[in-house]
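Asker: next come a sequence and a model predicted from it.
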Amino acid sequence: MSDAPRPSPIGRLQRYRPRRRPRYKGPSFNRMVPNLMTLIGLCAGLTAIRFAMEGRFGSAAVAITVAGAIDGLDGRLARLLKATSRFGAEFDSLSDFLCFGVAPALTLYIWSLQRAGGYGYMPCLMFAVCMALRLARFNAALEGAPRPAYAYNFFTGVPAPAGAGIALFPLFLGLEAKSLGWEWLVATAQHPLFCAATLVGTALLLVSTLPIWSFKNFKVPAEYVLPLLLGTGLFAALLVADPWGAMAALVLLYVCMLPFSIRSFHRLQREAEAPAEDDEPDPAEPIPPRPPA
């Protein structure tokens, strides 16, 4: 037998002690999820441009719609996860410009407006420029003075995803008419003048100062909850059965909602300013005499 000393149990424990896991510096994965969703939306916008160049206009419209749905989720998810950042806001604006400013204009140009030559390019250029101005104004307002409490539920001008949907209305209408075999409606929807008027009108709505409902903190009265749920289910069924007709109807419904949004904003503004007006003294009313000391 060897006379070498045996290792003590304490030494064996020290030798097999588990290693410490390395700690990495950087943001957590939860904080990266909103930016990853924005990246997916950007890829959807780029894919829409590719589909339009290949003549697959229905697929291009679907890709832009997917980008709009993602844009409506990434901001709310960032606020929910407390992952808002300046980088995320700038990245989201760049993605919105491509998905909702460049892709719809290019899709309509290839689908219809290129038949008008250089004149057909002018509405597309105007729409893209107005979309960039609308997004720049939105970013500048983030660092501006705080808005009144009644104005937080309203956008200034039509938001970018809604503007893209309104601009694509001729395409939705044309695809629906083509599925129904209404050639006269296809010719009307694909006419360059109709598409140009839609793009120019949407561009003006983007840079306007109209107050538009944002639906962020929109409260539904209790008696309207069930009808709203039923209406949403019916629209989902219509979207599956007839997607182009459902999208065209949704655009018309949104445009018809704009006057009610403006009326709601002015009503809230009057209610907020009414107490301040009541506290001011009436110049026609005599001032009571001051009592003697």
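Answerer: Arrived safely, thanks for sending.

Asker: spit out the contact partners of residue 239.
Answerer: By CB atoms under 8 Å, 6 or more residues apart in numbering, residue 239 lies in contact with 246-247. Placement of C-beta: from N, CA and C, glycine included.

Asker: can you tell me the element it falls in?
Answerer: For residue 239, the element it lies in under DSSP states H and E is helix 225-241.

Asker: and the helix or strand just after that helix, what's buried?
Answerer: Note on helix 225-241: by DSSP H and E, the next helix or strand toward the C-terminus is helix 243-279. Residues of helix 243-279 classed as buried by neighbour count (16 or more other CB atoms under 10 Å): 243-251, 254-255, 258, 261, 265, 268.

Asker: for residue 197, pull up the helix or strand it's in.
Answerer: Element membership for residue 197 (DSSP H and E) is helix 192-207.

Asker: hmm, back to that, closest to residue 118 out of the buried residues of helix 243-279?
Answerer: Proximity of the buried residues of helix 243-279 to residue 118 (CB to CB) peaks at residue 251, which lies at 28.0 Å.

Asker: show the pLDDT at that closest one.
Answerer: What the model reports as pLDDT for residue 251 is 94.

Asker: same deal with the one 4 residues further on?
Answerer: The pLDDT attached to residue 255 in the predicted structure is 93.

Asker: hang on, it packs against residue 166?
Answerer: Yes - Residue 255 is within contact range of residue 166, at 6.6 Å (criterion: CB atoms under 8 Å).

Asker: thinking again about what came up before, elements contacting the helix holding residue 197?
Answerer: Identification of packing neighbours for helix 192-207 by 3 or more CB pairs under 8 Å, 6 or more residues apart in numbering; DSSP states H and E yields helix 103-111, helix 118-142, helix 160-167, helix 169-180.

Asker: returning to that earlier point: now the helix holding residue 239 against helix 243-279, angle please.
Answerer: Using axes from the mean of the first three to the mean of the last three CA atoms, to 10 degrees, one finds that helix 225-241 and helix 243-279 are set 150 degrees apart in direction.

Asker: of the helices and strands packed on helix 192-207, which is nearest residue 197?
Answerer: helix 118-142 (8.1 Å).

Asker: tell me the strands beside the helix or strand following the closest one, with direction?
Answerer: Using DSSP H and E, the helix or strand that follows helix 118-142 in sequence is strand 154-156. Within its sheet, strand 154-156 is paired with strand 211-213 (antiparallel), according to DSSP bridges.

Asker: centre of the chain to the strand it pairs with, how far?
Answerer: Centroid displacement of strand 211-213 relative to its chain, using CA atoms, centre = their mean, to the nearest Å, is 13 Å.

Asker: can you read off the pLDDT for residue 291?
Answerer: 49.

Asker: wait, I meant residue 215
Answerer: 76.

Asker: with residue 145 instead?
Answerer: Predicted confidence (pLDDT) for residue 145: 67.

Asker: then residue 117?
Answerer: For residue 117, pLDDT reads 84.

Asker: any idea how far it is from residue 192?
Answerer: Between residue 117 and residue 192 the computed distance is 9 Å (CB to CB, to the nearest Å).

Asker: out of the two, which sits in the busier spot?
Answerer: More crowded of residue 117 and residue 192, by other CB atoms under 10 Å: residue 192, with 19 against 9.

Asker: next, count neighbours for the residue lying closest to the more buried one once chain neighbours are set aside.
Answerer: In space, and not counting its chain neighbours, residue 192 is closest to residue 116: 4.2 Å by CB to CB, 6 or more residues apart in numbering. For residue 116, the neighbour count with other CB under 10 Å is 17.

Asker: so how far is residue 190 from residue 116?
Answerer: 12 Å.

Asker: quick one: end-to-end distance for stretch 151-158.
Answerer: 15 Å (CA to CA, to the nearest Å).

Asker: circling back to that earlier point, which one of the helices and strands packed on helix 192-207 has the lowest average pLDDT?
Answerer: Among the helices and strands packed on helix 192-207, helix 118-142 carries the lowest mean pLDDT (a mean of 90).

Asker: what sits against residue 170?
Answerer: By CB under 8 Å, 6+ apart, the neighbours of residue 170 are 108, 112, 189-190, 194-195, 198.
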